[in-house]
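Asker: A structural model of the following input is requested.
(one chain, ligands or ions: 3)
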Amino acid sequence: IRVLGIETSCDETAASVVALADDGRPQILSNAVLSQIEEHAAFGGVVPEIAARAHVEALDGLIEAALTDAGTTLADVDAVAATAGPGLVGGLIVGLMTAKAIAAAAGKPLLAVNHLEGHALTPRLTDGLSFPYLLLLVSGGHTQIVLVRGVGDYQRWATTIDDALGEAFDKTAKMLGLPYPGGPNVEKAARAGDAARFAFPRPMKGEARPDFSFSGLKTAVRQAATAIAPLSEQDVADICASFQAAVTDALADRVSRALERFRAEYPDAAGPALVVAGGVAANRLVRSTLEKLCADNGFGFVAPPLALCTDNAAMIAWAGIERLRAGLTQADGIDFSPRSRWPLDSVSAPVVGSGR
Ligand code: ATP
Ligand code: MG
Ligand code: FE
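Answerer: Ligands and ions are numbered 1, 2, ... in the order given. Just a heads-up that it's a prediction; the model follows:
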């Protein structure tokens, strides 16, 4: 099986061809990604209108590049998979409509893929992980813990009740005058900082409710910064280090709760595993803390290579392959409208159309 994947849900335009060999081994034949970070940097965040326009300009070229890099043509792919949600609707329209046009012209099935399902199934592409496992998705738009039971079979165990974790990093950076995107810059500044200087709150820590919250922490950071302004470089470093320590601690508390629950529900699972995905998974402190937490609890820790952890089209093509392989098909893909909101739990109704 060979699938062309297209991703345009946020600020990355991406196209990729992934193949499944006869021996069952997946292979990423090409993975073209164009980040729009520079276009949005001046605004300190993703501007939907600019994003949609940039997708329009870049997508055709990226699809061509993905096919060429893969040494293949549309005639040789078995299906076209595109992100149909959740995300910014302007970008989703660009990607999904392009995919529909290509699928119709080439007479191939269209697969409307949930972006979160792409993240959720990536460890099966990269590490051949078997079900069930836990996914921690920490990006600019999402902060969730998801139980992945099978293809099309997901259960969301926790989500954020306010800001996403990446968003908290970005807002903290903005408050401190650090450039966009905030995450990497907060991490860099934190290296020279004293994590013990500010005792920021650990939101939700110890609470029975499994969810995340980061907006109170953001307020605490603002208050601390205002109280000692003007900020020296050392002040900024100390705030970043203290912030990073607080979010990591809060994250570890939430995740350990989920590991416990997984143990209780799957006492016989042979190789329980936690997978991290999303841009925040690049953070070294977050990574090492989760890795240790998993090791201490007898869980495997799977962190796909960063290029496949952040938004990309290989994960969309792969989700398409998983759906084809599982026989999850239904002939309404061409009528599928982009969904700006599309919770992963509601994905089970699979979508495949004839392309006509
Ligand atoms: P979506 O949520 O729809 O997947 P996104 O584009 O917001 O989309 P990603 O591209 O996966 O998500 O990740 C971007 C986020 O990750 C940004 O908020 C960024 O600040 C954060 N991030 C990136 N690197 C780091 C880092 N080293 N430490 C902390 N946060 C980081
Ligand atoms: Mg992104
Ligand atoms: Fe994403």
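
Asker: can you name the residue of the chain nearest ligand 3?
Answerer: As assessed by C-beta to the ion, ligand 3 sits closest to residue 311 within the chain, at 4.3 Å. All C-beta atoms are positioned from the backbone trio N, CA, C, and that covers glycine.

Asker: output the below-cut-off pLDDT ranges for the stretch 51-200 of the chain.
Answerer: Counting by pLDDT under 70, not a single residue of the stretch 51-200 of the chain qualifies.

Asker: returning to what we had before: how about the secondary structure of the residue of the chain closest to ligand 3?
Answerer: Following DSSP: H, G, I helix; E, B strand; the rest coil, the label given to residue 311 is coil.

Asker: quick check on it: phi, psi?
Answerer: Note on residue 311: its backbone torsions stand at phi -60, psi 130 [degrees, to the nearest 10].

Asker: quick check, residue 113 in a strand?
Answerer: Yes - counting by three-state DSSP, residue 113 is found in a strand.

Asker: how about the closest residue to ligand 2 within the stretch 101-250 of the chain: what's its closest non-neighbour residue?
Answerer: Residue of the stretch 101-250 of the chain nearest ligand 2, by C-beta to the ion: residue 140 (5.9 Å). Distances taken as C-beta to C-beta, 6 or more residues apart in numbering put residue 166 closest to residue 140, at 3.7 Å, once the chain neighbours are dropped.

Asker: let's verify that neighbour: helix, strand, or coil?
Answerer: With three-state DSSP as the criterion, residue 166 reads helix.

Asker: follow-up on the earlier one: wait, isn't the residue of the stretch 101-250 of the chain closest to ligand 2 in contact with residue 37?
Answerer: No - if you go by C-beta atoms under 8 Å, residue 140 and residue 37 don't touch, sitting 11.1 Å apart.

Asker: tell me which element the closest residue to residue 90 other than its chain neighbours falls in.
Answerer: Residue nearest to residue 90 in three dimensions, not counting chain neighbours: residue 52, with 3.0 Å by C-beta to C-beta, 6+ apart. For residue 52, the element it lies in under DSSP states H and E is helix 48-69.

Asker: quick one: that helix to chain centroid distance?
Answerer: In terms of C-alpha atoms, centre = their mean, to the nearest Å, the centre of helix 48-69 is set 19 Å apart from its chain centre.

Asker: does ligand 1 sit close to the lengthiest helix in the chain?
Answerer: The single longest helix within the chain, with elements called by DSSP state H, is helix 233-265. No - shown here: helix 233-265 not in contact with ligand 1 (C-beta under 6 Å from any ligand atom), separated by at least 7.9 Å.

Asker: how distant is that helix from the center of its chain?
Answerer: On C-alpha atoms, centre = their mean, the centre of helix 233-265 falls 18 Å from the chain's centre.

Asker: quick thing: my sequence starts at 205, can you match it?
Answerer: Okay, using 205 as the starting number, the last item reads as helix 437-469.

Asker: mind giving me the packing neighbours of that helix?
Answerer: With contacts defined as 3 or more C-beta pairs under 8 Å, 6 or more residues apart in numbering; DSSP states H and E, helix 437-469 has these neighbours: strand 337-342, strand 347-354, strand 357-363, helix 369-379, helix 386-394, helix 419-432, strand 477-481, helix 488-500.
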